[in-house]
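Novice: next one to model:
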Amino acid sequence: MTALHRRTASASCLLLFFLFGCTGRAATTSTVTPPTGGAAPTSTAASPATSASQLRIVPAGYRLPAPVQRAVAVSFGGSVYIAGGLDATGNSAAGVFRLDPANGRITSIGSLPQAFHDGAGAVIGHSLFVFGGGTARSSAAVQAIDLPTGRSRMAGTLPSPLSDLAAATVGSTVYVLGGWNGVTPQPTIWATSNGTTFRRAGALPTGLRYPAVATNGTDLLIAGGVLAGGRESRTVYRFDTTSGRTSILASLPAPVGHAMAFVERGVLYVVGGLDPSGAATSSVTEVVLPGGTPIAGPALAHPLADAAVAPAGAGHLLIGGSDTSTLAQVSRSVPVAAADAAAPTGDPSASVASASSQRPFAGLLLIADRGNDRLIVVDRHRRIVWRYPSPNLPAPKVPFYFPDDAFWVHGGHAILVNEEENDVIAEIAYPSGRTIWTYGHPRVAGSSAGYLHQPDDAYPYPFGRDAVVVADAKNCRLLFFGLSGRADRQIGVTGNCSAGLPRTVGYPNASTPLSNGDLLTTELYGGGVARVRPSGAVVWQHRIPGLGVPSDPQMLPDGSILAVDYGNPGGIVRFRPDGRVVWTYHARSAAGALDRPSLGAPLPNGLIAVNDDENHRVVLIDPATDRIVWQYGVTGVPGRTAGHLNTPDGLDLLLPGGVIPLHTDFPSSLTHVGRP
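Specialist: From the prediction side, this is the model:
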């Protein structure tokens with residue numbers, strides 16, 4: 001419950017935004033002692049370490065129509081829903097709004113029966129439940145609104161009146177914790193699976209109001225908050241929902257309340273809040289999990305407290321809030337590479353050169369995890385930073401199935417993916433997950449306009465009037481798409497799969513563009529690797545020793561070619577344009593042997609990234625030692641959980657600054673819905 005004073009009035013609602021949120025102001029029933037600093041008795045001060053952060057918080061690119069703070073925000077079906085809060089004049093609101101995180105478009109879906117602020121919210125089924133909060137005094141009300149229809153109701157009551165509380169979901173259970181009962185901060189942690197019946201799941205060592213709460217697996221992480229007497233806490237607690245036990249995870253560098261928290265890539269981020277003087281802070285503390293080491297992260301551009309937090313896409317949105325006044329801003333968390341791409345500073349050449357040489361790699365590695373029908377993005381620490389499809393992202397426009405290859409495009413703002421056995425190509429915005437463009441009909445193969453048959457290696461091809469090229473494998477053609485997104489020319493004769501470049505293409509499984517518009521391709525019928533002009537004219541063509549089933553040739557900076565042998569055991573071969581082999585990798589050891597590798601990509605740091613498909617892993621090989629120096633996935637063990645893959649068939653690297661080093665890219669970072 002806010003410590004600001006309220007008075008009864010007939011003030012109008014916030015007309016532009018919280019249209020249904022009109023309430024009077026009332027005198028608060030509680031008085032908060034001015035903060036005096038200090039911490040929870042069990043806390044110990046810690047000096048944060050510093051390291052290169054993997055995440056920054058940047059403007060989302062849009063704002064709310066009007067300011068709001070202390071609202072509830074949740075994610076559901078790819079949208080973010082915002083409910084209640086305080087407007088710029090201190091009125092509580094009842095309106096519920098749908099926010100499209102991709103473009104900031106906001107629409108009203110209805111209102112709750114009672115206006116509130118300082119409540120907690122969670123999604124149960126397809127309804128948003130709001131727990132407690134209040135206007136003049138703490139409330140025990142549980143309100144609900146059906147998100148698809150906008151119908152709202154009073155759903156029940158909490159065990160006691162509570163405001164200034166928090167809620168978090170683990171599995172199918174919502175945990176409601178802390179808060180103010182009108183007398184003192186509360187320590188109890190309640191659990192509910194239906195929003196109407198509650199059981200006592202555990203307790204904090206001390207009562208807290210305004211804590212920052214996030215989840216990590218089956219744990220609740222509770223950071224800071226306001227203690228009895230108005231002192232801010234610096235303790236970070238871990239509540240194990242499986243055992244009901246609470247322990248101290250870490251100590252923040254300074255006491256803070258009214259902060260925001262979320263977990264990404266194995267790190268708890270504690271963002272902003274109010275310091276012991278009552279001033280909003282711009283500090284960000286990263287608590288590395290599971291060990292709890294505090295790290296000072298990049299500060300916010302401006303102080304912020306009391307923002308609503310919701311997952312959106314690959315990251316989180318921070319919605320509204322306050323500094324010295326109520327704010328309409330929206331911020332989002334992004335990987336450092338994307339943040340640098342959005343707002344480059346200084347001379348990028350030095351930082352790009354430094355990143356290019358880092359091992360195992362700098363930036364973000366995109367993996368087409370074909371057997372799991374998903375895309376994932378991982379960092380060098382093997383942490384998944386994004387996955388698609390995801391319940392927190394917009395649903396694919398067509399069923400997403402069998403992603404064979406995937407490439408960063410538009411400077412890392414989108415991903416181009418070919419779904420081989422789905423007969424579809426798609427471009428997906430990153431990190432929002434919004435579908436930008438598709439071509440083909442899901443699981444309906446064909447050769448006429450609008451159809452594909454086993455598309456392989458869809459690359460950006462920014463030459464002339466062309467935009468994308470794909471090896472339309474079973475149609476035996478290299479198909480080019482224009483700027484409008486329509487197929488407008490091809491190399492090969494549709495359906496004629498005899499090896500005979502330039503007239504016919506013998507079942508192509510590659511269409512790698514070079515910087516001058518030439519292409520590297522392979523013909524599975526014939527076993528050859530070729531370089532061809534945009535017209536299809538052959539520059540050179542060879543059958544290379546060691547490449548029984550050649551796949552996905554790539555050019556190195558010295559003009560040599562790297563290709564993999566899709567066999568068991570598989571191999572990698574580097575050869576000159578005249579066909580002379582200069583290096584091979586054909587390990588026979590259990591740890592080093594490859595099983596049907598589909599792609600070998602020469603990284604700018606000298607390592608070779610390989611999709612080791614049937615070993616269910618992506619590996620980085622040092623050609624100087626012929627040893628695997630980094631791996632994601634468990635050798636020979638398919639899986640979907642963190643650290644596992646199932647037949648990964650594509651990969652690509654995005655360096656900090658939005659640099660895509662492995663292939664051509666579109667000339668602009670801007671994306672356009674309806675075309676590539």
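Novice: in stretch 161-169, which residues are buried?
Specialist: Buried residues in stretch 161-169, counted by 16 or more other Cβ atoms under 10 Å: 161-168. Placement of C-beta: from N, CA and C, glycine included.
Novice: which one of the residues you listed is nearest residue 486?
Specialist: Nearest to residue 486 among these is residue 168, at 47.0 Å by Cβ to Cβ.
Novice: and that closest one, how close does it get to residue 177?
Specialist: 8 Å (Cβ to Cβ, to the nearest Å).
Novice: sort out for me which of the buried residues of stretch 161-169 are in helices.
Specialist: Among the buried residues of stretch 161-169, no member falls in helices (criterion: DSSP state H).
Novice: what residues are up against residue 596?
Specialist: Neighbour list for residue 596: 566-568, 570, 612-614 [criterion: Cβ atoms under 8 Å, 6 or more residues apart in numbering].
Novice: among those residues, which two are most distant?
Specialist: Greatest spacing in the contacts of residue 596, by Cβ to Cβ: 567 and 612 (12.1 Å).
Novice: more neighbours, these two?
Specialist: residue 612 (28 against 17; other Cβ atoms under 10 Å).
Novice: can you pull up the bridge partners for that one?
Specialist: Residue 612 forms beta bridges with residue 597, residue 617, as assigned by DSSP bridges.
Novice: return the helix or strand in this structure with minimum mean pLDDT.
Specialist: Lowest by mean pLDDT, DSSP states H and E among the helices and strands of the chain is strand 49-50, with a mean of 42.
Novice: which SSE is immediately downstream of that one?
Specialist: Where DSSP states H and E defines the elements, the next helix or strand beyond strand 49-50 is strand 55-63.
Novice: how about that next one, which residues are buried there?
Specialist: In strand 55-63, counting by 16+ other Cβ under 10 Å, buried: 55-58, 60, 62.
Novice: adjacent strands (with direction) for that strand?
Specialist: Checking strand 55-63 against DSSP bridges gives partners strand 329-335 (antiparallel).
Novice: CSV please, covering the buried residues of strand 55-63 and showing distance to residue 429 and pLDDT.
Specialist: Output for the buried residues of strand 55-63, formatted as CSV (distance: Cβ to Cβ, whole Å; pLDDT from 0 to 100):
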residue, distance to residue 429, pLDDT
55, 19, 75
56, 19, 84
57, 19, 91
58, 16, 88
60, 14, 87
62, 15, 90
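Novice: quick check, nearest of the residues you listed to residue 244?
Specialist: Nearest member of the buried residues of strand 55-63 to residue 244, counting by Cβ to Cβ, is residue 55, at 31.2 Å.
Novice: so who does the residue nearest to the closest one when sequence neighbours are not counted touch?
Specialist: Spatial nearest neighbour of residue 55, excluding adjacent residues (Cβ to Cβ, 6 or more residues apart in numbering): residue 333 at 5.4 Å. Residues counted as contacts of residue 333 (Cβ under 8 Å, 6+ apart) are 55-57, 262, 264, 269, 315-316, 318.
Novice: tell me what residue 333 is bridged to.
Specialist: residue 57.
Novice: among the buried residues of stretch 161-169, which two are most distant?
Specialist: Going by Cβ to Cβ, the pair spanning the buried residues of stretch 161-169 furthest: 161 and 168, at 20.3 Å.
Novice: still on that earlier bit, just the contacts of residue 333 now: which is nearest residue 492?
Specialist: When the contacts of residue 333 are compared against residue 492 (criterion: Cβ to Cβ), the nearest one is residue 315, at 42.2 Å.
Novice: quick one: pLDDT of the residue nearest to the closest one when sequence neighbours are not counted?
Specialist: With Cβ to Cβ, 6+ apart as the criterion, residue 315 has its nearest non-adjacent residue at 3.8 Å, and that residue is residue 333. For residue 333, the pLDDT comes out at 88.
Novice: residues of stretch 387-395 that come out buried?
Specialist: In stretch 387-395, counting by 16+ other Cβ under 10 Å, buried: 387-390, 392-394.
Novice: what's the span of stretch 435-455, first residue to last?
Specialist: Terminal residues of stretch 435-455 are spaced 18 Å apart (Cα to Cα, to the nearest Å).
Novice: list the contacts of it.
Specialist: Contacts of stretch 435-455 (Cβ under 8 Å, 6+ apart): 394, 396-399, 401, 404, 414, 418-429, 470-475, 479, 481, 485-487, 494-495, 671-676.
Novice: how much space separates residue 409 from residue 456?
Specialist: Relative to residue 456, residue 409 is positioned 17 Å away (Cβ to Cβ).
Novice: ok, the two, which is more surrounded?
Specialist: Using other Cβ under 10 Å as the criterion, residue 409 and residue 456 rank with residue 409 on top: 29 against 26.
Novice: surely that one touches residue 665?
Specialist: Yes. Using Cβ atoms under 8 Å, residue 409 makes contact with residue 665 at a distance of 5.8 Å.
Novice: so what sits against both of those two?
Specialist: With Cβ under 8 Å, 6+ apart as the test, residue 409 and residue 665 both reach residue 460.
Novice: one step back: mutual contacts of residue 168 and residue 177, please.
Specialist: What both residue 168 and residue 177 touch, as defined by Cβ under 8 Å, 6+ apart, is the set 213, 220.
Novice: in this structure residue 465 contacts residue 482, no?
Specialist: Yes. Assessed by Cβ under 8 Å, residue 465 is found in contact with residue 482 at 5.4 Å.
Novice: and for those two, which residues touch both?
Specialist: Taking Cβ under 8 Å, 6+ apart as the contact rule, residue 465 and residue 482 both touch residue 488.
Novice: which of these two has more residues huddled nearby?
Specialist: Neighbours per residue (other Cβ under 10 Å) separate residue 465 from residue 482, with residue 482 holding more: 16 against 10.
Novice: quick one: contacts for that one?
Specialist: Counting by Cβ under 8 Å, 6+ apart, residue 482 makes contact with 465-467, 488.
Novice: which of those fall in helices?
Specialist: Going by DSSP H, the helices hold none of the contacts of residue 482.
Novice: please produce a PyMOL select command covering the buried subset of the residues you listed.
Specialist: Buried subset of these, written as a PyMOL selection, criterion 16+ other Cβ under 10 Å:
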select buried, resi 466+467
